[in-house]
Structures are given as C-alpha cells and as structure tokens.
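Q: sequence first, predicted coordinates after that:
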Amino acid sequence: MKKLLYIDLDGVVADFVSAMNAHPLRYEPPYHEDPDTIPGLFKNLKLFGAFC
C-alpha cells in the first residue's frame, strides 16, 4: 500500500493570505467565514523561498 504525506505549507512557502485577500469571492458568503473553501484558491499560490 502506497502511503501519502501531506504537508501544510501555508505561510511557510505558500502565500495563502495574499491569495485569499486578492480573490474576488473572499468577502462573499459563505466564503467570508471560511475562505479555505474558495474554489481553486490553492491552485496558483505564489511560493517564496521554495524549491520546485
């Protein structure tokens, strides 16, 4: 069985806060209370100091 390891990089190498605040749905219900659920938010996060 193949195991997967998921690592949360928000704020470490992924600029989640800037992406969240710049997204047009950020202040629309229901996303204003739970911005992690904005569709496609994690697809194009800017990375800083990261290796790819």
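A: Everything's here; your move.

Q: tell me how many other residues crowd Ala19.
A: Neighbour count for Ala19, taken as other CB atoms under 10 Å: 20. C-betas here are computed from N, CA, C, even on glycine.

Q: help me confirm that it comes into contact with Lys43.
A: No: the pair Ala19 / Lys43 is not scored as a contact, 9.4 Å apart, by CB atoms under 8 Å.

Q: middle-most residue in the protein, spatially?
A: Nearest residue to the geometric centre of the chain (CA atoms, centre = their mean): Phe42, 3.8 Å.

Q: can you pull the contacts of that one?
A: Applying CB atoms under 8 Å, 6 or more residues apart in numbering, we find Phe42 in contact with 14, 16.

Q: can I take it that it is in a strand?
A: No: assigned with DSSP: H, G, I helix; E, B strand; the rest coil, Phe42 falls outside any strand and is coil.

Q: next one, pLDDT for it please.
A: In this model, Phe42 is scored at 82, pLDDT.

Q: can you pull out the low-pLDDT segments for this structure?
A: For the chain, the stretches with pLDDT under 70 are 10, 49-52.

Q: now do the strands in this structure.
A: Assigned strands in the chain: none (criterion: DSSP state E).

Q: for Asp34, see how far away Leu25 is.
A: As judged by CB to CB, to the nearest Å, Leu25 and Asp34 stand 11 Å apart.

Q: higher neighbour count, these two?
A: Leu25 (16 against 9).
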